[in-house]
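In: Predicted structure and sequence below. I'll ask about it afterward.
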Amino acid sequence: MTDCRTSSHGRRAGSSFGAVTHVLITGGAGFIGSHIAGTLLDHGYQVSVLDSGHPGAHRGPLPAEVAGIPVRRVDLREPAAVAGCLPGVDVVVHQAAMVGLGADIADLPEYVSCNDLGTAVLLAGMAAAGIRRLVLASSMVVYGEGGYDCARHGNVRPAARDAGDLAAGRFEPGCPRCAAPLTPHLVSEDAPLDPRSVYAATKVAQEHLTAAWARQTGGDVTALRYHNVYGPGMPRDTPYSGVAAIFRSAVAAGQPPRVFEDGAQRRDFVHVRDVAAANAAAVAAAPDRPGWRAYNIASGRPATIGDMAAELSRAAGGPPPVVTGQFRLGDVRHVVADPSRAAAELGFRAAVGLRDGLTEFATAPLRG
Ligand code: UD1
């Protein structure tokens, strides 16, 4: 069992009502969670941190503390351990999850167990403890392929790309009705959910479970759909890493980033400090917004993978990227977001530009 010590630097009030709001961060020792912990402390919240130390995220030992907050080793799949940490908590910021494509399909049970069973245990514990507010780390992977327009058929949803087309270098998805070339557009939160990997399916399940919890308990859920997060403290290259960590590990080794497909696939890279700021905005905004609501957390300035790789190489002073033409069947072609709902309703706007962010990231420390 755990004792859940907490920390509040008391720099500014985390509540305008006198009592300091107590925020519990799951996965709080991870890349994004540890940035959120520091940001929430800076805003004057009382913060506590849980983390299971899962080897997919932590290759080294779990740190004893994050931003001065003791880290409690708790696996969310253990109801008694979770329940012991919930008394006195006002808001849970749920970051704990396995991310990425994974090593292979044998990872499937562990993804579902960590991400969905862990979320279910957490939600049941929150209901029992009378906690009504949750901020969920969701992901743009819930959309599958981003949004596309066909000149003849308007807004369409392309099917998963065919292995033969990819092998022949035909990377752009075609119109599902007439096979004509498509124009990608920004994805809004109202786009249909279309998970195309195990990880994506577990994130969609988290969204559905938290929506059901909000309905049944009268709770409040803010689901933040992170786009491609990067920044200091990112884990090194593993089967669970996104492309930014993979390229950063390559340049650290003096190697060129290896760009798959033709490098023209587009993503929205959002800096981890902006993601932490989005979480702080969600914690602050939640009492005014009961029910379940999703937000794209993105910069609003899409980049191609090729351009991002070139910028990172330049900033690191390393060899330029190599465009390999390789492909991964689980990959989607373009996912770029409309960030306007988060701006209008949470007051969140990304502040770190990609060039500045990558210049810092090129030499910033990674996690072991
Ligand atoms: C990524 C993460 C996902 C996260 C989401 C939003 C993976 C598999 N996916 O989705 O967990 O929720 O961002 O933050 O981790 N690429 C290369 N070279 C490489 C590796 C990848 O060119 O060495 C390309 C891929 O082919 C793809 C793009 O980079 O076109 C992005 O890859 P990646 O970051 O792995 O996946 P996302 O789908 O963007």
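Out: On my side now, so go ahead.
In: Where does the prediction get shaky in this protein?
Out: Under the criterion of pLDDT under 70, the regions of the chain flagged as low confidence span 1-18, 102-103, 239-240, 286-289, 368.
In: for the residue minimising distance to the centre of the chain, which residues make a bridge with it?
Out: The centroid of the chain falls nearest to Y226 when counting by Cα atoms, centre = their mean (4.1 Å). Beta-bridge partners of Y226, counted by DSSP bridges, are S139, I297.
In: Relative to A342, how far out is it?
Out: Note on Y226: its distance to A342, by Cβ to Cβ, to the nearest Å, is 11 Å. All C-beta atoms are positioned from the backbone trio N, CA, C, and that covers glycine.
In: list residues touching both of these two?
Out: When contacts are counted by Cβ atoms under 8 Å, 6 or more residues apart in numbering, Y226 and A342 have I297 as shared neighbours.
In: And the contacts of stretch 355-367?
Out: Stretch 355-367 is contacted from outside by 31, 58-60, 230-236, 244-245, 248-249, 251-252, 269, 271, 308, 311-312, 315-316, using Cβ under 8 Å, 6+ apart.
In: Any chance of a PyMOL selection covering the buried ones in these?
Out: A single PyMOL command is used to select the members of these judged buried by 16 or more other Cβ atoms under 10 Å:
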select buried, resi 31+58+230+231+232+234+235+244+245+248+249+251+252+269+271+308+311+312+315+316
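In: Sort out for me which of the contacts of stretch 355-367 are in helices.
Out: Cross-referencing those against helices under DSSP state H gives 31, 244-245, 248-249, 251-252, 308, 311-312, 315-316.
In: Just put the residues you listed in CSV and tack on distance to the ligand.
Out: As requested, the ones in helices among the contacts of stretch 355-367 are exported to CSV (distance: Cβ to the nearest ligand atom, whole Å):
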residue, distance to the ligand
F31, 11
A244, 7
A245, 8
R248, 11
S249, 9
V251, 12
A252, 14
M308, 8
E311, 14
L312, 12
A315, 17
A316, 16
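In: Run through the residues of the stretch 1-150 of the chain sitting next to the ligand.
Out: Residues of the stretch 1-150 of the chain lying close to the ligand (Cβ under 6 Å from any ligand atom) are 99-101, 139-141.
In: Of all pairs in those residues, which one is the farthest apart?
Out: Checked with Cβ to Cβ, these reach their widest spread between L101 and M140, with 14.5 Å between them.
In: Could you check which of the two has the larger neighbour count?
Out: In this view L101 and M140 are compared by other Cβ atoms under 10 Å, and M140 has more residues nearby, 25 against 19.
In: quick one: contacts for the nearest residue to S188 once chain neighbours are set aside?
Out: The shortest distance from S188 to any residue that is not its chain neighbour, by Cβ to Cβ, 6 or more residues apart in numbering, is 4.7 Å, and that residue is D338. Contacts of D338 were listed using Cβ under 8 Å, 6+ apart, and they are 186-189, 296, 300.
In: Report the buried members of those residues.
Out: Of the members of the contacts of D338, the ones counted as buried by neighbours, 16+ other Cβ under 10 Å, are 186-187, 189, 296, 300.
In: how many neighbours does A253 have?
Out: Residues contacting A253 under the criterion other Cβ under 10 Å number 9.
In: Give me the distance between it and the ligand.
Out: Remark: distance between A253 and the ligand (Cβ to the nearest ligand atom, to the nearest Å) = 13 Å.
In: Now tabulate the ones in helices among the contacts of stretch 355-367 in CSV and tack on distance to L209.
Out: As requested, the ones in helices among the contacts of stretch 355-367 are arranged in CSV below (distance: Cβ to Cβ, whole Å):
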residue, distance to L209
F31, 23
A244, 28
A245, 28
R248, 33
S249, 33
V251, 38
A252, 38
M308, 33
E311, 38
L312, 36
A315, 40
A316, 41
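In: Quick check: the farthest pair among these?
Out: Checked with Cβ to Cβ, these reach their widest spread between F31 and E311, with 20.5 Å between them.
In: Show the contacting residues for the residue nearest to G263 when sequence neighbours are not counted.
Out: In space, and not counting its chain neighbours, G263 is closest to G306: 2.6 Å by Cβ to Cβ, 6+ apart. Shown in contact with G306 (Cβ under 8 Å, 6+ apart): 259, 262-264, 321, 323.
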